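J.: How does the following fold in three dimensions:
(one chain, ligands or ions: 2)
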Amino acid sequence: MLELAESGRDIRRVERYAIARLPKDALTDGSVAKPEVVEAAMREAWKAMQTKTREVALALPAAAVITKKILLPQGASELDIETQVMAEANQMAPFPLDEVSLDWQILGPAPRSPEENEALVVVSRRERLEERVALAEAVGLKAVIVDVDSFATLNAFEQLAYQLPDNGRNQTVAIIDIGANATHVSVVHDNQLVYQREHALGGYVLTQEIARRYDLPIDEAEEAKRKALLPDSYESEVLQPFLDAIALEIGRALQLFFGATAYHSVDHILLAGGCAAIPGLDDIVHSRLQTSTLIANPFAKMAVSSQVKARQLAADAPALFVACGLALRRFDPT
Ligand SMILES: Nc1ncnc2c1ncn2[C@@H]1O[C@H](COP(=O)(O)OP(=O)(O)OP(=O)(O)O)[C@@H](O)[C@H]1O
Ligand SMILES: [Mg+2]
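T.: Ligands and ions are numbered 1, 2, ... in the order given. Predicted coordinates:
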């Protein structure tokens, strides 16, 4: 949970944040398998936040939505747009329209036919959306925005595009968000999302290996991993093979991306998610893939409230990547 505030013109300030851990089986494939466990974690984070804010933005996983770009004639009436969007949604959703939650946004003139507007249509099963909104409500929060995590990723990316040559213009950037159970790969070209896919590798594998090797319960293994409090053999015998596996998986992910699209290379790799904090990962990825590699810090040009510990924030920043993209929605022009 992350709260951003306005701090002068176009400057955001990190007000506060809290991270609560979820057991592995609380969310499976993006659906809420154990609502009471997720609710408890949200309550814990909410308490730790100590904020008066109750309005939240939350995200659906990309796997829970279907998106499509459609073309609309310039100057189409509201009614025409609605009719066309509904017809598209009906085609897109593999379930009845009355079970669908649907939204769309006009993106602007279509690159290849400027006499038409491009619009993005997003549908999801209403249930998936409602289960999340209900969780927020159970904790006393109000979901005012429901986004999609891959869009939030793009939004957070915009915060750090300035760190790339020419602000990322004309460049292809692979954002690799390595979480606990999954790695989300999003590729951005010219600051537009061109590809996204989920891979089943995350930091939980490392926690499991630590638990097995050093005969620890899972939660102690997790703690030891984060605090790097492990025997000398850990680095070479456990951590290094894990980092190798990640680098290999990123290489595979990029090959899949090249195979599925007309792209043959990426200019930069951006590491996000909790595992991006593992010391040395960026160097290994850089040397194995021979591609410029950065650790994502979406707060690099933000102010930081005095109640936030700057060093801890720097360490947690990659894990807060999606949360940052979500919190920034508050400042979108409406
Ligand atoms: N300092 C650290 N050192 C090593 N691993 C860390 C560190 N901090 C976090 N992690 C690992 O990062 C993972 C959590 O990352 P993140 O918060 O991005 O996951 P998530 O978004 O909850 O999971 P998923 O995307 O798979 O649903 C965990 O496996 C955790 O152990
Ligand atoms: Mg994640």
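J.: For the stretch 201-334 of the chain, what lies in contact range of ligand 1?
T.: Contact residues (Cβ under 6 Å from any ligand atom) of the stretch 201-334 of the chain with ligand 1: 202-204, 207, 222, 225-226, 273-275, 277-278, 319. For glycine as for every other residue, the C-beta is placed from the backbone atoms N, C-alpha and C.
J.: Show me which of those are buried.
T.: Applying 16 or more other Cβ atoms under 10 Å to these, the neighbour count classes 202, 203, 204, 207, 222, 225, 273, 274, 275, 277, 278, 319 as buried.
J.: name the element the fourth one belongs to?
T.: Okay, so that is residue 207. Mapping residue 207 onto the secondary structure by DSSP states H and E places it in helix 204-213.
J.: can you put the buried ones among the residues of the stretch 201-334 of the chain next to ligand 1 in TSV and add pLDDT?
T.: Conversion of those to TSV gives the following (pLDDT from 0 to 100):
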residue	pLDDT
202	95
203	96
204	95
207	97
222	95
225	95
273	97
274	96
275	97
277	90
278	94
319	97
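J.: Tell me which of those residues fall in helices.
T.: Secondary structure from DSSP state H places 204, 207, 222, 225 of those in helices.
J.: pretty sure the last one contacts residue 207?
T.: Looking back up the chat, that one is residue 225. Yes - counting by Cβ atoms under 8 Å, residue 225 touches residue 207, with 5.8 Å between them.
J.: rewinding a little: what is the distance between the helix holding residue 207 and the centre of its chain?
T.: Centroid displacement of helix 204-213 relative to its chain, using Cα atoms, centre = their mean, to the nearest Å, is 24 Å.
J.: Does anything pack onto that helix? Which helices or strands?
T.: Counting contacts by 3 or more Cβ pairs under 8 Å, 6 or more residues apart in numbering; DSSP states H and E, helix 204-213 is packed against helix 218-227, helix 240-260.
J.: Relative to residue 127, which of those is closest?
T.: With Cβ to Cβ, the closest approach to residue 127 among these belongs to helix 240-260: 29.4 Å.
J.: before we move on, the earlier item: any chance you could list what contacts the helix holding residue 207?
T.: Contact partners of helix 204-213, identified using Cβ atoms under 8 Å, 6 or more residues apart in numbering, comprise 24, 180-181, 216-218, 220-222, 224-225, 230, 234, 237-239, 242, 245, 275.
J.: which residues does residue 285 contact?
T.: 246, 247, 250, 269, 271, 291, 293.
J.: Neighbours of residue 133, how many?
T.: Around residue 133 there are 16 other residues, counting by other Cβ atoms under 10 Å.
J.: ah, wrong one, I meant residue 123
T.: With other Cβ under 10 Å as criterion, residue 123 counts 24.
J.: Could you do residue 176 as well?
T.: Using other Cβ under 10 Å, residue 176 is surrounded by 26 other residues.
J.: Okay, and the beta partners of it?
T.: According to DSSP bridges, the residues that bridge with residue 176 are residue 185, residue 271.
J.: That one against residue 266, yeah?
T.: No - counting by Cβ under 8 Å, no contact exists between residue 176 and residue 266, whose distance comes to 10.1 Å.
J.: Same question for stretch 184-193: list its buried residues.
T.: Of the residues in stretch 184-193, those with enough neighbours to count as buried (16+ other Cβ under 10 Å) are 184, 185, 186, 187, 188, 189, 191, 193.
J.: can you map out the helices along the stretch 51-200 of the chain?
T.: Taking DSSP state H, counting those that start in this stretch to define them, one finds helices in the stretch 51-200 of the chain at 78-92, 126-138, 149-160.
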